[in-house]
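>>> sequence first, predicted coordinates after that:
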Amino acid sequence: MSKYLTESSLSRTLNHPLEENKLLEQFLQSKQERKLAEEEVRLLKNRINLLQQEELKAKKHIEETKAKVQSIIEAKVRFQEKQLKRVEVYFSLNTNKYP
């Protein structure tokens, strides 16, 4: 039997109740398979969308973390510079006392 039915073969097929039932079952099965495939495509698209949103959130979080790290490093450098100046001032004052 050919995969594609012609008009004449369809009319001959429909004259046989068993063939009609078989054809109807094939139609319903293919319709159900198509619906399942469409649902699967929809779910996959939703999953891809969610993953893309999660990726954007992760990238944003990484950028925020990098900014915080940079801020901490800058604060640490400023603190060390202040400490160095205090030490320099301390030694410059003490070396002047004892020539």
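Yes, it's here.
>>> which secondary structure elements does the biggest helix by length in the chain contact?
Assignment by DSSP state H gives helix 17-97 as the longest helix of the chain. Using 3 or more CB pairs under 8 Å, 6 or more residues apart in numbering; DSSP states H and E as the contact definition, the elements that helix 17-97 packs against are helix 7-14. Glycine gets a C-beta too; all of them are placed from N, C-alpha and C.
>>> mind redoing it with 6 Å?
Where contact means 3 or more CB pairs under 6 Å, 6 or more residues apart in numbering; DSSP states H and E, helix 17-97 is not packed against any helix or strand.
>>> relative to the whole chain's centre, how far out is that helix?
In terms of CA atoms, centre = their mean, to the nearest Å, the centre of helix 17-97 is set 8 Å apart from its chain centre.
>>> now that helix: mean pLDDT?
Taken as a whole, helix 17-97 carries a mean pLDDT of 93.
>>> quick thing: my sequence starts at 12, can you match it?
Noted, 12 is the first residue going forward, which turns the last one into helix 28-108.
>>> Lys33 - how many residues pack around it?
Burial of Lys33, expressed as a neighbour count using other CB atoms under 10 Å, amounts to 13.
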